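Asker: Quick check, what structure comes out for this input:
(one chain, ligands or ions: 1)
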Amino acid sequence: MANSSVKVYLDNQETPRPTVSTDSIKNTCYVIAKSSKVVDTLELFAAELGNHFVNTYDWVEKAHVTIIRHRWARMVINGKPHTHSFWRDGEETRQTDVFVKRQTNGRRMTEIKSAIAGLNVLKTTGSSFEDFVRDEYTTLAETKDRILSTIVDASWEFKIPTVATEQSLTILGQIPFNQIYDSVREVTCKTFAEDESASVQATLYKMAEECIHNWRWLERVSYALPNRHFFAVDLSYFRGTKNLQEHADVYQPLSDPSGLICATVARAPDTAAARL
Ligand SMILES: O=c1[nH]c(=O)c2[nH]c(=O)[nH]c2[nH]1
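Answerer: Next up is the predicted model:
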């Protein structure tokens, strides 16, 4: 939470703007989680919390709520989904950062950025990397066929109009946040799997562009893709064993260093985003 005045901290005894303790903030999260109708949608629950804090404490100018969801998938036992047992099917998380800001004239501004973090993927073929700059600094060989692996961090930012405070949650309720999350994840995996990748950069652009194209609510989509290298081991020292290029069977995973390829694709100004 952000206050309008540093006096809150310097003069806590006399000021009419006391600190909201983190204890109250934590307890508020529990109480609102209990009554919330939207607790299954990270973005809406975060907006509900953020609006609560800005509504309740009139000296709070802005609330920033972060929610991270871990994966819990239902166990399949004897071929059937189990009624009450789950397992963590991957370290990937779904996240959201929601900023609720008090505006003048009883209006409210909401900024929402959602994300997938730590989605670990690998494909054994369908990836090349050629025609890059070759100069005195280059040691990397061109390749028509390689393993491609990365740990996807993807994020997407929503275009949300500033509205009257009392309309804020209703307006947000029109955005299909869960469907958009499912779709970004699906596009990311499908593009990764199906693209005949010319480079991480080229595949990244296809993913981001399709997400922007699919969802008019999205303003910007960003990816950060570390290049996890698996290089074929040169075994020629051992009786001339062939293990490079089309002969590769034995690969060495390289932990460090590796490139981190990042890009943000934004909607062109003249292509209509959401009109809520
Ligand atoms: O797709 C790639 N992009 C790069 O920029 C790069 N750099 C590198 O060493 N390998 C790769 N692969």
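
Asker: Mind pulling the model confidence for the nearest residue to Ala2 once chain neighbours are set aside?
Answerer: Among residues not flanking Ala2 along the chain, Lys62 sits closest, at 4.2 Å (Cβ to Cβ, 6 or more residues apart in numbering). Every residue, glycine included, has its C-beta placed from N, CA and C. Looking at Lys62, its pLDDT stands at 96.

Asker: Could you do Ala47 as well?
Answerer: 97.

Asker: what do you get for Leu218?
Answerer: At Leu218, the pLDDT recorded in the model is 97.

Asker: Just confirm yes or no for the helix or strand where Ala115 lies near the ligand.
Answerer: Per DSSP states H and E: Ala115 is located in strand 107-123. No: with Cβ under 6 Å from any ligand atom as the criterion, the ligand is not reached by strand 107-123; the gap is at least 12.5 Å.

Asker: okay, now the spatially closest residue to Ile151 that is not a sequence neighbour: neighbour count?
Answerer: Nearest-residue entry for Ile151: Asn120, 5.0 Å, with adjacent residues in sequence omitted and distances by Cβ to Cβ, 6+ apart. Asn120 has 12 neighbours, counted by other Cβ atoms under 10 Å.

Asker: which residues of the stretch 151-276 of the chain score low on pLDDT?
Answerer: The model of the stretch 151-276 of the chain has pLDDT under 70 over residues 270-276.

Asker: So Arg71 is in contact with Ile116, correct?
Answerer: No: the criterion here is Cβ atoms under 8 Å, and Arg71 misses it with Ile116 at 10.8 Å.

Asker: Find residues that contact each of these two.
Answerer: Common contact partners of Arg71 and Ile116 (Cβ atoms under 8 Å, 6 or more residues apart in numbering): 92-93.

Asker: more crowded one of these two?
Answerer: Ile116 (19 against 13).

Asker: if we can go back for a sec, pull out the buried positions in the strand holding Ala115.
Answerer: 108, 110, 112-117, 119, 121, 123 (16 or more other Cβ atoms under 10 Å).

Asker: same thing with stretch 146-164?
Answerer: For stretch 146-164, the neighbour count (16+ other Cβ under 10 Å) marks 146-160, 163 as buried.

Asker: still on that earlier bit, parallel or antiparallel, which strands does the strand holding Ala115 pair with?
Answerer: strand 93-102 (antiparallel), strand 148-158 (antiparallel), strand 163-164 (antiparallel) (DSSP bridges).

Asker: ok so, going back, just the CA coordinates of the helix or strand where the residue nearest to Ala2 lies, formatted as CSV?
Answerer: Assigned by DSSP H and E, Lys62 belongs to strand 60-70. Coordinates of each C-alpha in strand 60-70 appear next as CSV, following Å, rounded to 0.1, in the frame of the first residue of the first chain:
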residue,chain,number,x,y,z
VAL,A,60,-4.1,5.2,0.9
GLU,A,61,-3.4,6.3,-2.7
LYS,A,62,-2.5,3.0,-4.2
ALA,A,63,-2.6,-0.7,-3.5
HIS,A,64,-0.4,-3.3,-5.2
VAL,A,65,-1.5,-6.9,-4.9
THR,A,66,0.7,-9.8,-6.1
ILE,A,67,-0.7,-13.3,-6.1
ILE,A,68,1.3,-16.4,-7.1
ARG,A,69,-0.5,-19.7,-7.8
HIS,A,70,1.3,-23.0,-7.7
